[in-house]
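Q: just the structure for this:
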Amino acid sequence: MDEKLEINCPICGDKHIYKLKVEKTYVAKLLTTKHLSKSSQPVTVTRIFVCPVKNQKFQASFTLYQTSSDKIKSVIVEGVIEGEAE
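A: Numbering: from 1, shown residues only. Have a look, this model is predicted:
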């Protein structure tokens with residue numbers, strides 16, 4: 001699944017929008033009253049990004065959400081989305 005993440009760049013001060021590829025593991029569960037709740041749990045992820053203005057790397061942490069039936073397996077930064085930064 002593709003996600004978008006907007007970051008205020010610590011290198012140049014501009015906002016950049018990055019494309020993330022989020023892979024999830026889906027777990028099938030029996031439908032009982034105990035498992036009907038799909039409350040989201042936050043997961044903090046830290047990745048390396050590249051400022052497209054100054055071509056320098058920086059590290060940033062962000063939060064994604066998962067449920068008990070769809071756990072986050074991996075997150076890959078695919079790059080900045082051109083033309084969408086403000």
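
Q: now do stretch 52-71, average pLDDT.
A: Per-residue pLDDT over stretch 52-71 has a mean of 93.

Q: same question, stretch 16-30
A: Rounded mean pLDDT across stretch 16-30 is 86.

Q: in the sheet, which strands lie alongside the host helix or strand of residue 60, parallel or antiparallel?
A: Per DSSP states H and E: residue 60 is located in strand 57-66. Paired neighbours of strand 57-66 in the sheet (DSSP bridges): strand 41-50 (antiparallel).

Q: how far is the strand it pairs with from where the chain is centred?
A: 6 Å (CA atoms, centre = their mean, to the nearest Å).

Q: buried sites along that strand?
A: For strand 41-50, burial by neighbour count (16 or more other CB atoms under 10 Å) applies to 45, 49-50. Every residue, glycine included, has its C-beta placed from N, CA and C.

Q: over to stretch 66-78?
A: 66, 75, 77.

Q: rewinding a little: from the buried residues of strand 41-50, which is closest to residue 58?
A: residue 49 (5.7 Å; CB to CB).

Q: hmm, back to that, just give me how far the strand holding residue 60 sits from the chain centre.
A: Using CA atoms, centre = their mean, the offset of strand 57-66 from its chain centre is 6 Å.

Q: buried residues in it, which are they?
A: 60, 62, 64, 66.
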